[in-house]
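S.K.: Fold the following.
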Amino acid sequence: MDSELRMIHGAVETATTHLRGDGTDYTAALQRLQQRGNAASWGDDGLLRPLVTAYCECTAIALAAYTHMGDVMESTGDALALSSRRVSNVDDGTAQDIDRLPDTSWV
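M.R.: Numbering: from 1, shown residues only. Alright, predicted model coming up:
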């Protein structure tokens with residue numbers, strides 16, 4: 001059974017770039033929705049005001065939550081890139097340390 005944990009840094013960097021880009025695109029799409037503003041009165045003569053108000057509040061809360069999700073996607077991409085760099089640095093450092101060990105094959 002193979003129990004190795006391998007990280008293919010090039011693939012992680014590619015995934016990081018995609019995740020950051022997706023988060024940016026997601027946030028930009030939500031900003032366009034926010035720019036539309038609240039719902040129109042739907043030709044209301046005042047009788048639907050409570051419904052329109054509730055709808056606007058729900059829309060604002062949903063947009064805030066979805067915007068946060070976009071931010072999380074971007075920050076997850078940043079954290080993934082940082083993790084890849086740290087693992088790569090540890091791998092490189094370990095390889096250098098192993099190279100400096102004395103040859104004990106004669107023992």
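S.K.: buried set for stretch 60-70?
M.R.: 66-67, 70 (16 or more other Cβ atoms under 10 Å). Every residue, glycine included, has its C-beta placed from N, CA and C.
S.K.: chain center to that stretch: distance?
M.R.: With Cα atoms, centre = their mean, to the nearest Å as the basis, stretch 60-70 stands 14 Å off its chain's centre.
S.K.: now swap in stretch 13-27 and tell me
M.R.: The answer for stretch 13-27 is 7 Å, by Cα atoms, centre = their mean.
S.K.: still on that earlier bit, and the buried residues of stretch 60-70, which of them are in helices?
M.R.: 66-67, 70 (DSSP state H).
S.K.: Reformat the buried residues of stretch 60-70 as a markdown table; add pLDDT.
M.R.: What follows is the buried residues of stretch 60-70, written out as a markdown table (pLDDT from 0 to 100):
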| residue | pLDDT |
| --- | --- |
| 66 | 87 |
| 67 | 85 |
| 70 | 84 |
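S.K.: what does stretch 73-83 contact?
M.R.: 12-13, 15-20, 22-24, 26-27 (Cβ atoms under 8 Å, 6 or more residues apart in numbering).
S.K.: which one of the ones in helices among the buried residues of stretch 60-70 is nearest residue 34?
M.R.: residue 67 (7.9 Å; Cβ to Cβ).
S.K.: so how far is residue 74 from that closest one?
M.R.: Taking Cβ to Cβ, to the nearest Å as the measure, residue 67 falls 11 Å from residue 74.
S.K.: Need the overlap of contacts for the two.
M.R.: Joint contacts of residue 67 and residue 74 (Cβ under 8 Å, 6+ apart) are residue 27.
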